[in-house]
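**Q** Sequence below, structure please.
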Amino acid sequence: MIANIEQELLSRLEYCTNLPSPPGVAIRIIELNKNPDVKINDVVNVIRLDPAISAKLIRMANSPIYAKQRKTENLRQAIILFGPYNALTLALSFSVVSSIRGNTDKNIDYSLFWRRSLTSAITCQLLGQLLTNGKDSELFLAGLIQDIGILALDRTNNEIYQDAGALQSSHQALWEHEKNTIGIDHAEVGAWLIDHWNFPSSLTNAIRGSHNPLHDTIDPDHLMLAKIVAIASDIADIICNDDIGKNITHLIERANELLGIDGDMIVSILETAISEIKPMADLFEVNIGDSKYLESINDQAKEILMLRSMQSASDAKELMSINASLKNHTETLEEEKRRDHLTQLFNRLHLDKTIVDEFNNSEEYGYPLSLAFIDIDYFKAINDEHGHQVGDECLKHVAHILIHETRGSDTIYRYGGEEFIILMSGTGTEGAHIVCARILDAFRKKACFISTDLHIPFTVSIGVATQGETSEFKEANNLLRAADKAVYTAKLNGRNRAVFYEEDIK
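**A** Got it, this is the predicted structure:
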């Protein structure tokens, strides 16, 4: 129970039948989120109960915020990318929003409400990435629902926001109106509501402190979260008021006081948040009204950054340019070290680094991992008859076919000479069979084009081993050796085929 809520209001809240409430899937997610040893299969089984949430998690995994080298194609891969806890938190965000976004109470400006909620959520996430270790998804949810107390108050007191339309864009003014009218603010009510839903105490504290993080009721263990939500709330006010210039100085001073970050960082976060509001609104399927004002806000943010200190901005730009150049150069060198110069596939050095991670993830999260070892049939004869330049073209041809016939979630390596490796994360024996069949068929149909009068036809032999189904290997190298043994068997049995590893393989 929240002590600051008077008994009369508390009774109205407890017995109000039209309060926002988490749907069944959200309740199961909350329970699962309390388990520190939650397994990835448990997360998959709960989230897949809601196909809409599953689809949105996959979309978010492929968004610019999270997208990695490989495309995320299914729910399991998305959860592996986020991690079980963050995946549950993001799923909870989608679930809670879906339960309240249809409300159309005439006293509430819902376009403004959702614009502000999404701005707070995005800003909380950006600040969380900067200032906390792995709390950004939890902060995203805190920012998203920090104003849910407004909905609860409106349902228990139809008059409180009846004449408060103009106040809704300024939460300081709205806070004063609530205090003067009923003696309590929506942050306290929102904290009571999500505590009533059995949300984690960290979220309760973050929402309770969203306008006054230094209040003595905030648990010191969650003080940083409360401070971040408070600054995100201030940023949301500025963006939704379309008046950066009037409030930016106060915001920068407060952000420096609470979080120790400077004005340039605040303006940078403003610009990033503004660019992500519309895509996030589309993902959550909420209406934020006319988004043209975002362009104006973005222009104001850029002007303020320039006007704050022309020389500092110039120096910072030059330094950023130098840093970006050095970063690009470093990334280029790093990428070159990971790539085979001839085929542009990943090389053996990169395989040695990634196969252990993929194997460990497979073990930890309980999903299968298949490895295909591919060897060109009679490649030495091609080199002997046509020369090494033609042989090199054949190796490029192999790379082209493997890229074309595999999936975005598969990773291809040139292991050395005429040998190639495909790592298929989250893929069992059945899926590996399909991929190998496509590859074999492609080589049978497509010769390597050297010139108009020279086409080199050749086939490949494939050995496959799968961790987590028929076999349990102790380490990644054992998986690789098993696939190597299987490809050797494929060659002994006539080549141009795929052989799957078994314990008694010859």
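**Q** Low-confidence ranges, the stretch 101-250 of the chain, go.
**A** Along the stretch 101-250 of the chain, segments meeting pLDDT under 70 span 101-106, 158, 164-166, 169, 241-247.
**Q** Double-check that residue 214 belongs to a strand.
**A** No - using DSSP: H, G, I helix; E, B strand; the rest coil, the assignment for residue 214 is coil, not a strand.
**Q** Look up how far residue 471 lies from residue 426.
**A** Per CB to CB, to the nearest Å, residue 426 is found 16 Å from residue 471. In this view, the C-beta of every residue, glycine as well, is placed from N, C-alpha and C.
**Q** between these two, which one's more packed in?
**A** Between residue 426 and residue 471, counted using other CB atoms under 10 Å, residue 426 has the larger neighbour count: 21 against 16.
**Q** can you tell me which residues contact the more buried one?
**A** When contacts are counted by CB atoms under 8 Å, 6 or more residues apart in numbering, residue 426 is found next to 74, 76, 77, 80, 367, 368, 369, 409.
**Q** Could you identify the most distant pair in these?
**A** Maximum pairwise distance among the contacts of residue 426 (CB to CB): 14.6 Å, between 74 and 369.
**Q** Pick out whichever of the two has more residues nearby.
**A** residue 369 (26 against 15).
**Q** so that one bridges to which residues?
**A** residue 425, residue 467 (DSSP bridges).
**Q** Could you list the domains of the protein?
**A** Annotated domains of the chain cover 17-100, 107-332, 348-500 [automatic domain parsing].
**Q** Compare those domains and give me the one nearest residue 339.
**A** Short answer: domain 348-500, nearest of these by CB to CB, at 7.8 Å.
**Q** start to end distance for the closest one?
**A** Taking CA to CA, to the nearest Å, the first and last residues of domain 348-500 lie 22 Å apart.
**Q** ok, now stretch 203-216?
**A** End-to-end distance for stretch 203-216, by CA to CA: 16 Å.
**Q** Same question for it: list its buried residues.
**A** Using 16 or more other CB atoms under 10 Å as the test for burial, stretch 203-216 gives 203, 204, 205, 206, 207, 208, 209, 210, 211, 212, 213.
**Q** now the contacts of residue 426 as JSON lines including distance to residue 394, secondary structure and pLDDT?
**A** Converted to JSON lines, the contacts of residue 426 look like this (distance: CB to CB, whole Å; DSSP: H, G, I helix; E, B strand; the rest coil; pLDDT from 0 to 100):
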{"residue": "74", "distance to residue 394": "34", "secondary structure": "coil", "pLDDT": "84"}
{"residue": "76", "distance to residue 394": "36", "secondary structure": "helix", "pLDDT": "85"}
{"residue": "77", "distance to residue 394": "33", "secondary structure": "helix", "pLDDT": "84"}
{"residue": "80", "distance to residue 394": "35", "secondary structure": "helix", "pLDDT": "83"}
{"residue": "367", "distance to residue 394": "35", "secondary structure": "coil", "pLDDT": "88"}
{"residue": "368", "distance to residue 394": "32", "secondary structure": "coil", "pLDDT": "92"}
{"residue": "369", "distance to residue 394": "29", "secondary structure": "strand", "pLDDT": "94"}
{"residue": "409", "distance to residue 394": "27", "secondary structure": "coil", "pLDDT": "82"}
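**Q** now that we have the residues you listed, which one has the most neighbours?
**A** residue 369 (26 neighbours).
**Q** how about the domains of the chain in TSV, adding distance to residue 9?
**A** Formatted as TSV, these follow (distance: least, CB to CB, whole Å):
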stretch	distance to residue 9
domain 17-100	13
domain 107-332	7
domain 348-500	45
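**Q** Would you mind saying which of those domains lies nearest residue 340?
**A** Proximity to residue 340 (CB to CB) singles out domain 348-500 among the domains of the chain, at 4.2 Å.
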